[in-house]
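Trainee: Next one to model:
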Amino acid sequence: SCDSKTYQLPHPSMGNVSVVISFHNEARSMLLRTIVSLLIRTSEEYLHELIILDDGSQDATLLDDLKRWWGRVYSSQSRLRLIFLANTQRKGLIWSRNRGASVASGHYVLFLDSHCEVNEGWLEPLLERLALNPRLAVSPLLDTIDPTTLSYRKGNELLKGGFDWSLHFHWLKRELDKEERPEVPYKSPAFAGGVLMISREWFHKLKCFNPNLKIWGGESIELAIKLWLCGGQIEIVPCSRIGHIFRRYHAFDFPPRTDIAMPVLSMLSDQPPSSAQATYLHNSKIIAESWLDEYKNIFYALRPAAKGIPLNRTNHEEQQQLRRESQCHRFDWYLWHVNPELRLHFDELSAMGTLRNEDRCLHARQRNSKQQQQLFMASCAIDDITQWSLLRVTGQLITQRELCLGVGLQNRLILGPCARIETLRKSQKWVRKGTQLLHEATHLCLDNPLKNRLELSSCRSGAVSQTFQFALEM
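Mentor: The predicted structure is shown next:
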């Protein structure tokens, strides 16, 4: 039905688009794939300008070579305005996108990653939706480009964007109404990755991406929350398809952190955080302080190291002024009307966060390539420390990777897939008994008798080794 649909589009003078592409150390072949697919698959009358910004790439010749290539191949496209920009030093994706938007003159701005391929007919479905609502922001459905083979694969139209209480992005399952077709545009709590299109005027009214966020990380979540709370909406439009490389690891380095955050985090942990981890935690704290209201306490319960990161008070005051001037909702409006999955997740728990015994926390990590899990006590401040959730109804103790703590043969603790059948759940059911965790089937308590040893043993009232505290108990 996408191919046969006739789109109701605005006149080009009211619907032209500025495309902002920022890159840092991007592979030339992938950057060209992004640009060429955009040029050959986008209507010339709507593609107003292309803004390409080099964010301090190590290959200093890349931008000049791109200009020369453009002069040889596409110089005849006189209608298209082309702007090349370069940061003399690394500023990061967030700062660079804001700079690109500041020079854009199109009615709409598309923020496009530098490792994409736009598909046939990608623009028209987005334009039609934006023309209906000036406060709407839209994402295409993201197809997958394999990071190894670079092959193009179909994406999933039954997913929408969301995040958890640690402010990490997650895909959420989309539930179709009885007669709803999967290709119909649908509302999403957050953007599908970092590819989005929005009215230039509306983007600037929202004060752009928060300029105090560093380098990369959290900017799409911050914009999504801000947009929803301040009178906007987000839609994913399945008839618009753009391929995107989802890399397992960052293809770039984060600059060393020289501010006070890194020393503070290092003192809290046996394993100092990487620059990427420290940067993301800094950005997440800004989001929590700016938008989560009283729910920020859940974020701090899950990310206690964030408490020690200093923030710029001026930025916080600017965000609060924006909320007042735009008459933005409070965050619990977002939980009830936009992202009930986040609220329901909270409601179905009796406890959550790190699980501490004295100065160490229960941690799970993969032991080998066969996905076997190892349980041990570790420093509570390491960045990837396991977050546990105690389910209110089933009593299952579950990790963020959806593995449950259970008991096997000879009362041995095991971590495995969460059971869905009632009879199998018995081996995974835990009961809170004061500060102890009682395994219901064996009537034994979780015990940490030695520094790095975890076992079940007879419950002993007041035993320090059996005292386990969640970061947050409901």
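Trainee: how about Arg90, what does it touch?
Mentor: Contacts of Arg90 were listed using C-beta atoms under 8 Å, 6 or more residues apart in numbering, and they are 24, 55-56, 215, 255. Heads up, the C-betas are built off the backbone N, CA and C, glycines and all.
Trainee: hmm, which of the residues you listed are the buried ones?
Mentor: In the contacts of Arg90, burial by neighbour count holds for 24, 55-56, 215, counting by 16 or more other C-beta atoms under 10 Å.
Trainee: quick check, nearest of those residues to Arg97?
Mentor: The closest of the buried ones among the contacts of Arg90 to Arg97 turns out to be Asp55 (C-beta to C-beta; 9.6 Å).
Trainee: Specify the beta-bridge partners of the closest one.
Mentor: Beta-bridge partners of Asp55, counted by DSSP bridges, are Asn87.
Trainee: now for the longest helix anywhere in the chain, which elements pack on it?
Mentor: In the chain, taking DSSP state H as the definition, the longest helix is helix 275-291. Here helix 275-291 touches helix 219-229, helix 261-268, helix 296-302, helix 313-325, going by 3 or more C-beta pairs under 8 Å, 6 or more residues apart in numbering; DSSP states H and E.
Trainee: If I average pLDDT within each of those helices, which one is lowest?
Mentor: Sorting those by mean pLDDT places helix 261-268 lowest, at a mean of 46.
Trainee: Lowest pLDDT pick from the contacts of Arg90?
Mentor: Ranked by pLDDT, the contacts of Arg90 bottom out at Pro255 (54).
Trainee: To Pro449, which of the helices and strands packed on helix 275-291 lies closest?
Mentor: Of all the helices and strands packed on helix 275-291, helix 261-268 comes closest under C-beta to C-beta, at 25.9 Å.
Trainee: For this protein, just list every one of the helices.
Mentor: Assigned by DSSP H, the chain shows helices spanning 12-15, 28-40, 62-73, 93-103, 123-132, 200-205, 219-229, 261-268, 275-291, 296-302, 313-325, 331-337, 340-347, 422-425.
Trainee: just checking, what packs against the fifth one?
Mentor: Helix 123-132 is packed against helix 12-15, strand 108-111, strand 136-145, strand 196-199, strand 233-245, with contacts defined by 3+ C-beta pairs under 8 Å, 6+ apart.
Trainee: Columns distance to Trp333, mean neighbour count and mean pLDDT on top of the ones you listed, output as JSON lines?
Mentor: Supplementary listing: these in JSON lines, determined by distance: least, C-beta to C-beta, whole Å; neighbours: other C-beta atoms under 10 Å; pLDDT from 0 to 100:
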{"stretch": "helix 12-15", "distance to Trp333": "31", "mean neighbour count": "14", "mean pLDDT": "92"}
{"stretch": "strand 108-111", "distance to Trp333": "26", "mean neighbour count": "26", "mean pLDDT": "98"}
{"stretch": "strand 136-145", "distance to Trp333": "18", "mean neighbour count": "23", "mean pLDDT": "95"}
{"stretch": "strand 196-199", "distance to Trp333": "21", "mean neighbour count": "24", "mean pLDDT": "97"}
{"stretch": "strand 233-245", "distance to Trp333": "13", "mean neighbour count": "23", "mean pLDDT": "95"}
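Trainee: Once you drop chain neighbours, what's closest to Thr467?
Mentor: Closest residue to Thr467 apart from its sequence neighbours, by C-beta to C-beta, 6 or more residues apart in numbering: Thr435 at 4.5 Å.
Trainee: From Ile398, how far out is that neighbour?
Mentor: Distance, Thr435 to Ile398, using C-beta to C-beta, to the nearest Å: 20 Å.
Trainee: Kindly report the same for Gly162.
Mentor: When distance is defined by C-beta to C-beta, Gly162 is 18 Å away from Ile398.
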